[in-house]
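Below: sequence and its predicted model.
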Amino acid sequence: MKVLLAVLKQIHKPALCTGNPRCLSSGATSGLLPFRDEAPMVGSSPELVQKLSSQVEVRTDFITEEEEAAFLRELDPGLKKKRYEFDHWDDAIHGYRETERLRWGAACEEILNRVRSTAFPEGSQLLGPVHVIDLDKTGYIKPHIDSVKFCGSTIAGLSLLSDSIMRLVKEDTPSEWLDLLLSRRSLYILRDQARYQFTHEILKDEESVFNGQRVPRQRRISVICRNLPG
Ligand SMILES: O=C(O)CCC(=O)C(=O)O
Ligand SMILES: [Fe+2]
Ligand SMILES: [Mn+2]
């Protein structure tokens, strides 16, 4: 368990982050191109959206309000014992507390099994403990790529308590980007190039605008499943 905490810390090492201050400005709304009316994604070009559409999924309303409440009941007591961390300027995450959990109660385990069977091919080797990040209303996650040493090709995350914007930016071509509207209770999945060649970040409240529409940030808890490197 101790080792795993180190592994998850590693994910957020600044050396793995490829900060791109330009992509933090939300002023450039003119190039936004909705991909499909119902898809909560906008990107720098229709070609990019098309190219990534097999590697980036957002499933709206993946869990019910009751299922969200089940996660809260299970996670909140432990999270409340920790302080939000704001003062580590070098961290990839600002304003957060986190935990990981291997064993879940029946209700949550059932939901997590649904996440796993949706996101990962059958027989994939998964990282045992599930990663939980509790972001304060003012918290945010800076652009980074998850450790290739510890995490495999697929990242799947549930968003609880708040809508948010996840921005993907191509590491070597910052003009190529995709914004995902992660609505409360949605599931997102990042695979392959979207996971390896694009940084991902969660925008802070002041920058939380999707396709010209303001998306206020509240406290947000994410529950993240990962596979192991092949
Ligand atoms: O909160 C999320 O959904 C993303 C978390 C993340 O990027 C990470 O833990 O590496
Ligand atoms: Fe990440
Ligand atoms: Mn730190």
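Received the coordinates, thanks. No experiment lies behind these values; they were computed from the predicted model shown. Ligands and ions are numbered 1, 2, ... in the order given.

What is the three-state secondary structure of Ser117?
Secondary structure assignment for Ser117 (DSSP: H, G, I helix; E, B strand; the rest coil): helix.

what's the distance between it and ligand 3?
Counting by CB to the ion, to the nearest Å, the separation of Ser117 from ligand 3 is 35 Å. The C-beta positions use only the backbone N, C-alpha and C, and glycine is treated the same way.

what's the spacing between that residue and ligand 1?
Ser117 sits 19 Å away from ligand 1, going by CB to the nearest ligand atom, to the nearest Å.

in the chain, which helix has the most residues?
helix 65-80 (DSSP state H).

ok, which residues in the chain are in contact with ligand 1?
11, 131, 133, 141, 146, 157, 200, 202, 222, 224 (CB under 6 Å from any ligand atom).

what ranges do the helices span in the chain?
Along the chain, counting by DSSP H, helices occupy 2-11, 46-52, 65-80, 106-119, 192-196.

among those helices, which is nearest Glu100?
Relative to Glu100, the nearest member of those by CB to CB is helix 2-11, separated by 6.2 Å.

follow-up on the earlier one: can you list contacts of the longest helix of the chain?
63, 97, 99, 101, 104-105, 107-108, 111, 132, 134, 158, 160-161, 184-185, 221, 223 (CB atoms under 8 Å, 6 or more residues apart in numbering).

on that earlier part again, could I get the residues of the chain next to ligand 1 in TSV, plus columns for distance to ligand 3 and neighbour count?
Below are these laid out as TSV (distance: CB to the ion, whole Å; neighbours: other CB atoms under 10 Å):
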residue	distance to ligand 3	neighbour count
Ile11	12	20
His131	16	22
Ile133	14	22
Ile141	14	25
Asp146	17	23
Gly157	21	24
His200	19	23
Ile202	17	26
Ser222	19	23
Ile224	19	22
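
Quick one: which of those has the lowest pLDDT value?
Least confident entry in these, by pLDDT: Ile11, with 52.

Now, of the contacts of helix 65-80, which are buried?
63, 97, 99, 101, 104, 108, 111, 132, 134, 158, 160-161, 184-185, 221, 223 (16 or more other CB atoms under 10 Å).
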